[in-house]
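Engineer: missing the sequence, but the structure's below:
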């Protein structure tokens, strides 16, 4: 007697493969909770005291971050450029902006609602890695700025700021030509007077460290000012 073969039903789990997530591509497109705005030079992105409900990403251009004290004194605390974020304080519970952000050049800036960026941080490891790397880099920069203010002369602080603005020491290739920036702004950034900045700028130019005629051109030789007698912190 022939028995019919027994067949087992096999359940196949088919996983749908989705394309790998590209953070730069994500930030280049309008989508749910994110928009892209074009800003002219010297345009306010947000002001100190505004509600904080979004994070911003610079697709193109450069911005400066300023704060004003209760006495009306203004200070430039940072200059950010392409591929950098700002406004991330809202993710840590910041209800209102503690600084004003304005463009220094024509800029293209992405706005990500708080809920949208929290969602992509949770869902996309590639974005999380990129964002965390940025935050860590920003923290290191703030610490370096504090050390600079505490230990270095105004001459050395100015040299360091010019090198940072020209991208020396960053992964990207240095861009020796800096967009037009006033001596008043440089003075606010390093905590000194405009007359001191003018004095050091003339000194740097005479020594061949920089050239400027409307725009500032920074030469790598300016590194000598920063590296000479570098302060050491004992641990």
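Structural biologist: That came through, no problem. Just so we're clear, the structure is a prediction, and the values are computed from it rather than from any experiment.
Engineer: Where does the prediction get shaky in the protein?
Structural biologist: Along the chain, segments meeting pLDDT under 70 span 1-19, 169-176, 179, 228-235.
Engineer: Was I right to think residue 118 contacts residue 92?
Structural biologist: No - using CB atoms under 8 Å, residue 118 is not in contact with residue 92; the gap is 11.7 Å. From N, CA and C alone the C-beta is placed, and that goes for glycine too.
Engineer: Neighbour count: the two, which is higher?
Structural biologist: Remark: of residue 118 and residue 92, residue 118 carries more neighbours, 15 against 7, as counted by other CB atoms under 10 Å.
Engineer: Check which helix or strand that one maps to.
Structural biologist: For residue 118, the element it lies in under DSSP states H and E is helix 114-123.
Engineer: Can you spell out which helices and strands pack onto the helix or strand just after that helix?
Structural biologist: As assigned by DSSP H and E, the chain's next helix or strand after helix 114-123 is helix 125-151. Packing partners of helix 125-151 (3 or more CB pairs under 8 Å, 6 or more residues apart in numbering; DSSP states H and E): helix 23-27, helix 114-123, helix 154-165.
Engineer: okay, those helices in TSV with distance to residue 226 next?
Structural biologist: Compiled in TSV, the helices and strands packed on helix 125-151 are given as follows (distance: least, CB to CB, whole Å):
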stretch	distance to residue 226
helix 23-27	31
helix 114-123	35
helix 154-165	5
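Engineer: Relative to residue 214, which of these is closest?
Structural biologist: helix 154-165 (15.2 Å; CB to CB).
Engineer: if I look at residue 118, how far off is residue 148?
Structural biologist: Per CB to CB, to the nearest Å, residue 118 is found 33 Å from residue 148.
Engineer: Revised request: answer the last question for residue 55.
Structural biologist: 27 Å.
Engineer: can you pull out the strands in the protein?
Structural biologist: With DSSP state E as the criterion, the chain has strands at 34-39, 44-46, 54-60, 62-68, 74-81, 85-86, 100-103, 107-113, 177-178, 210-213, 215-218.
Engineer: Burial-wise, tell me which of the helices and strands packed on helix 125-151 comes out on top.
Structural biologist: helix 154-165 (a mean of 22; mean count of other CB atoms under 10 Å).
Engineer: which other helices and strands contact the helix holding residue 118?
Structural biologist: By 3+ CB pairs under 8 Å, 6+ apart, helix 114-123 packs against strand 54-60, helix 125-151.
Engineer: what do you get if the cut-off is 10 Å, keeping everything else the same?
Structural biologist: Contacts defined by 3 or more CB pairs under 10 Å, 6 or more residues apart in numbering; DSSP states H and E place helix 114-123 against helix 23-27, strand 34-39, strand 54-60, strand 107-113, helix 125-151.
Engineer: and the angle for it with strand 34-39?
Structural biologist: Put simply, helix 114-123 runs at 120 degrees to strand 34-39, going by axes from the mean of the first three to the mean of the last three CA atoms, to 10 degrees.
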